[in-house]
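A.B. asks: need coordinates for the following:
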Amino acid sequence: MAYLYPKASLSQDEDKYQFGKTKIFFRAGQVAYLEKLRGDKLRACGVMIQKHVKGWIYRKKYLRVRQATLTLQTHTRGKPVNHAKRTAWGEGAQQ
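C.D. replies: Just a heads-up that it's a prediction; the model follows:
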């Protein structure tokens, strides 16, 4: 266990905890301190996951709206031009 969590990262005061052969013994308040660190880390991880998922969802929504906008613009800009060309060519061909 000591190789996973160096003594310096647990606490600055070495008299607040002691490693046994199979257990770790803490003085009063140390478990609460470690639980606070654990909670802070879990909260930060949760925020990171939420950030990435929200970014992915909003990007997907943005790309869908962008594609819809481009489709509408293509149809609205293209149809009158094509209609005008057909009319102009049709008139030229008939004359």
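
A.B. asks: average pLDDT across the longest helix belonging to the chain?
C.D. replies: With residue count as the measure and DSSP state H as the assignment, the chain has helix 30-94 as its longest helix. Within the predicted structure, the mean pLDDT of helix 30-94 is 83.

A.B. asks: from the contact counts, what lies against it?
C.D. replies: With contacts defined as 3 or more C-beta pairs under 8 Å, 6 or more residues apart in numbering; DSSP states H and E, helix 30-94 has no helix or strand neighbours. C-beta coordinates here come from the backbone N, C-alpha and C atoms, glycine included.

A.B. asks: make 7 the first number, not 1, from now on.
C.D. replies: Sure, I'll start counting at 7 from here, so that last one is helix 36-100.

A.B. asks: okay, Arg65 and Tyr23: tell me how far apart.
C.D. replies: 46 Å (C-beta to C-beta, to the nearest Å).

A.B. asks: hang on, I meant Tyr68
C.D. replies: From Tyr68 to Tyr23 the distance is 50 Å (C-beta to C-beta).

A.B. asks: looking at those two, which is more packed in?
C.D. replies: Using other C-beta atoms under 10 Å as the criterion, Tyr68 and Tyr23 rank with Tyr23 on top: 16 against 10.

A.B. asks: now that one, nearest residue through space, not along the chain?
C.D. replies: If the residues on either side of it in the chain are set aside, Tyr23 comes closest to Phe32, at 5.0 Å by C-beta to C-beta, 6 or more residues apart in numbering.

A.B. asks: need phi/psi at the one you found.
C.D. replies: phi -120, psi 150 (degrees, to the nearest 10).

A.B. asks: so who does it touch?
C.D. replies: Lys22, Tyr23, Leu40 (C-beta atoms under 8 Å, 6 or more residues apart in numbering).

A.B. asks: would you turn those into CSV with distance to Val59?
C.D. replies: Shown next, in CSV, are those (distance: C-beta to C-beta, whole Å):
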residue, distance to Val59
Lys22, 38
Tyr23, 37
Leu40, 29
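
A.B. asks: quick check, nearest of those to Thr77?
C.D. replies: Leu40 (55.6 Å; C-beta to C-beta).

A.B. asks: ok, how many other residues are close to the closest one?
C.D. replies: By the other C-beta under 10 Å criterion, the neighbourhood of Leu40 contains 16 residues.
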